[in-house]
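# All I have is the shape, not the residue letters:
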């Protein structure tokens with residue numbers, strides 16, 4: 001491993017680019033993306049090492065820490081490479097560059113730069129090499145990337161230097177004690193813990209498939225202050241994780257697929273696991289961790305479908321980390337859908353997710369966020385568009401206007417989502433499940449094709465960007481010809497119209513001419529999209545205007561909206577429903593104009 005650019009420029013074969021442009025990607029295409037991410041991270045690290053050279057620090061100098069990483073990589077290249085490619089490592093690199101440019105904040109700069117020392121300790125432990133480093137301790141704790149969190153007993157609070165020594169996979173950590181000149185230490189053999197419900201049949205393993213060591217029959221765990229008694233993260237005989245007094249192991253979500261066992265880190269410990277500034281550990285309670293394992297295992301079963309690497313398909317082993325968002329306990333119960341999910345181009349293969357109760361919702365989210373990772377990696381390799389970053393475009397899955405990069409990301413991610421639901425539609429023989437899957441497939445393919453047209457006519461795509469978007473267009477055009485249950489298709493078209501109409505009513509200001517540049521309302525704000533998921537299933541006994549419209553009774557819906565508008569004549573949600581119901585009943589040129597530019601016409605329906 002080297003931080004110098006010693007290899008030739010990366011050149012992606014045209015066939016691999018075509019696979020990714022279509023929204024999918026073979027194992028070879030995704031391996032090329034990872035190769036590009038590795039090269040990029042080494043170049044960023046080279047930049048950081050140059051900047052760190054003159055940084056005053058009480059820790060091991062960064063150049064020496066990097067030498068420890070290289071020595072470990074020479075002995076065990078695969079686990080150290082996985083450490084380098086971990087999402088949190090990418091997050092740390094990006095955060096440090098922002099700090100050096102004055103666009104981010106954090107603890108003392110020497111301590112954040114010293115995270116490279118923690119990376120070096122992890123690399124040495126994974127490779128079994130010997131090293132000694134001065135490392136940053138926060139309240140006596142040292143986060144070891146890819147492994148877990150070491151906690152010194154009776155340690156001095158605050159941010160202070162400590163000493164780490166590694167040998168043959170064991171760690172001895174020493175730091176100042178709470179009183180006077182006392183020292184405190186612990187010795188342990190860090191391992192991760194693989195969660196399993198028993199159905200997966202997988203063994204405890206370290207992040208990224210590095211063996212985690214033996215599973216003891218008892219839970220020794222922890223470490224004795226001063227004496228340095230050997231301990232390790234372990235699993236009880238019933239498979240449940242146990243946190244020792246001196247060691248919090250990184251947990252991994254496990255499952256079995258046709259391709260073999262999968263272990264994905266459930267990262268609640270690494271300070272750079274999030275998408276922005278560093279944050280402290282937020283350890284999940286055992287019940288919450290096991291709830292994640294159950295829903296993950298079933299989500300992987302849904303994703304484990306035969307066939308080629310088309311859009312919407314993902315090999316779960318390619319997910320590098322799941323970062324739980326929000327709660328750390330199993331109560332209160334999870335909502336039925338995923339309210340929060342996010343990813344960053346800096347953290348390839350990582351995703352921040354609030355746990356859903358539904359495996360189907362988690363499987364869809366994993367597909368969605370991995371699509372973002374693929375596109376971000378492509379954007380690191382190719383200039384795909386010339387974006388002025390002005391937020392003026394309609395995105396069918398957003399409440400606000402978007403810039404072109406956001407529009408491209410949305411189109412790529414939701415093309416994958418459409419493919420996911422296409423697979424669900426093909427796999428089910430249940431009529432109700434086919435209705436739901438058909439609705440989501442029809443809605444997302446329609447919305448993505450609309451956005452792809454916007455991108456193609458923007459005049460801002462580079463040649464590579466045009467090739468990518470043309471590949472998405474070809475995929476979506478083929479899908480638009482595929483049959484969907486008629487009632488599901490009708491609801492999808494209605495839901496798409498409703499979202500666009502309400503978006504314009506809430507965001508766009510009326511103009512004197514249809515050819516005038518788009519102007520936005522000064523009072524626009526976030527609004528909840530209550531219809532996209534509500535229209536997924538036809539209501540059996542419709543009561544509200546929305547339910548009548550979802551059931552295909554536009555006349556009853558129009559009457560209900562008209563009644564509501566008598567009390568709230570300018571309510572955008574109700575007005576959007578009225579406009580769509582009216583256009584459904586009377587598909588005239590005037591109603592089409594109203595759908596196109598609803599902000600221009602304010603109908604005054606009578607009771």
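Arrived safely, thanks for sending. Keep in mind that what you see is a predicted model, and the values were worked out from it rather than measured. Numbers count the residues shown, from 1 in each chain.

# can you give me the strands in the stretch 151-300 of the chain?
159-167, 170-176, 183-188, 193-194, 230-231, 234-235, 241-242, 247-249, 251-257, 260-266 (DSSP state E, counting those that start in this stretch).

# Output the contacting helices and strands for the second one.
Right, the one you point to is strand 170-176. If contacts are counted by 3 or more C-beta pairs under 8 Å, 6 or more residues apart in numbering; DSSP states H and E, strand 170-176 sits against helix 115-127, strand 159-167, strand 183-188. (C-beta placed from N, C-alpha, C; glycine too.)

# who's in contact with that strand?
121, 125, 135, 137, 140, 142, 144, 150, 152, 155-156, 160-166, 182-190, 228, 230 (C-beta atoms under 8 Å, 6 or more residues apart in numbering).

# Which members of those residues are classed as buried?
The neighbour-count test (16 or more other C-beta atoms under 10 Å) marks 121, 125, 135, 137, 140, 142, 144, 150, 152, 155-156, 160-166, 183-190, 228 as buried among those.

# Contacts only, for residue 438.
Per C-beta under 8 Å, 6+ apart, neighbours of residue 438: 421, 425, 484, 485, 488, 489, 492.

# so which strand or helix has it?
For residue 438, the host element (DSSP states H and E) is helix 431-456.

# List the buried residues of the helix or strand following that helix.
Downstream of helix 431-456, the next assigned helix or strand under DSSP H and E is helix 463-480. Neighbour-count burial for helix 463-480 flags 464-473, 475-476, 479 (criterion: 16+ other C-beta under 10 Å).

# returning to that earlier point: and the contacts of residue 438, which is closest to residue 414?
For the contacts of residue 438, the residue nearest residue 414 by C-beta to C-beta is residue 421; the value is 10.3 Å.

# Tell me which other helices or strands the one helix or strand the closest one maps to touches.
Following DSSP H and E, one finds residue 421 within helix 404-427. Helices and strands touching helix 404-427, by 3+ C-beta pairs under 8 Å, 6+ apart, are helix 359-381, helix 431-456, helix 463-480.

# so which of the ones you listed comes closest to residue 18?
Closest among the helices and strands packed on helix 404-427, using C-beta to C-beta: helix 463-480, at 6.3 Å.

# contacts for that closest one?
Applying C-beta under 8 Å, 6+ apart, the set of residues contacting helix 463-480 is 17-18, 20-23, 311, 378, 382-385, 408, 411-412, 415, 418-419, 422, 441, 445-446, 448-449, 452-453, 455-456, 461.

# I'd like the next helix or strand past it.
helix 486-507.

# Show me which parts of that following helix are buried, residue by residue.
488-507.

# Moving C-terminal from it, which element do we reach first?
Trace forward from helix 486-507 with DSSP H and E and the next one is helix 545-550.

# contacting residues around that next one?
Residues outside helix 545-550 that contact it (C-beta under 8 Å, 6+ apart) are 491, 494, 498, 530-531, 534-535, 537-539, 542, 554, 556-561, 564, 574, 577, 580-581, 584.

# The same query, at a cut-off of 6 Å, please.
The contact list for helix 545-550, computed with C-beta atoms under 6 Å, 6 or more residues apart in numbering, reads 491, 535, 538, 539, 542, 556, 557, 560, 561, 577, 581.

# Any of those residues buried? List them.
491, 535, 538, 542, 556, 557, 560, 561, 577, 581.

# got a list of what the second one touches?
The one in question is residue 535. So residue 535 contacts 491, 495, 550 (C-beta under 6 Å, 6+ apart).

# Give me the nearest residue to the last one, chain neighbours excluded.
The one in question is residue 550. In space, and not counting its chain neighbours, residue 550 is closest to residue 535: 4.8 Å by C-beta to C-beta, 6 or more residues apart in numbering.

# So for that neighbour, what's the pLDDT?
According to the prediction, residue 535 has pLDDT 98.

# What's the separation between it and residue 281?
41 Å (C-beta to C-beta, to the nearest Å).

# Check residue 449 too.
From residue 449 to residue 281 the distance is 44 Å (C-beta to C-beta).

# Relative to residue 593, how far out is the residue nearest to residue 555 when sequence neighbours are not counted?
Excluding its sequence neighbours, the residue lying closest to residue 555 (C-beta to C-beta, 6+ apart) is residue 585, at 6.2 Å. As judged by C-beta to C-beta, residue 585 and residue 593 stand 16 Å apart.

# before we move on, what about residue 492?
From residue 492 to residue 593 the distance is 23 Å (C-beta to C-beta).

# One more: residue 489?
For residue 489 relative to residue 593 (C-beta to C-beta), the value is 24 Å.

# Could you tell me the model confidence score at the closest residue to residue 396 other than its chain neighbours?
Closest residue to residue 396 apart from its sequence neighbours, by C-beta to C-beta, 6+ apart: residue 447 at 3.8 Å. Note on residue 447: pLDDT of 98.

# Repeat that for residue 300.
At residue 300, pLDDT is 97.

# you'd agree it is up against residue 316?
Yes: when contacts are counted by C-beta atoms under 6 Å, residue 300 is listed as touching residue 316 (4.8 Å).

# Between these two, tell me which one has more neighbours.
residue 300 (26 against 21; other C-beta atoms under 10 Å).

# Is the residue nearest to that one when sequence neighbours are not counted bridged to anything, and to what?
Nearest in space to residue 300, with sequence neighbours left out and distances taken as C-beta to C-beta, 6+ apart, is residue 255 at 3.9 Å. For residue 255, the beta-bridge partners under DSSP bridges are residue 262.

# Tell me the spacing between residue 255 and residue 303.
In terms of C-beta to C-beta, residue 255 sits 9 Å off from residue 303.

# same check, this time on residue 478
22 Å.

# Ok, residue 102 next?
42 Å.

# Of those two, give the one with the bigger neighbour count.
residue 303 (22 against 7).
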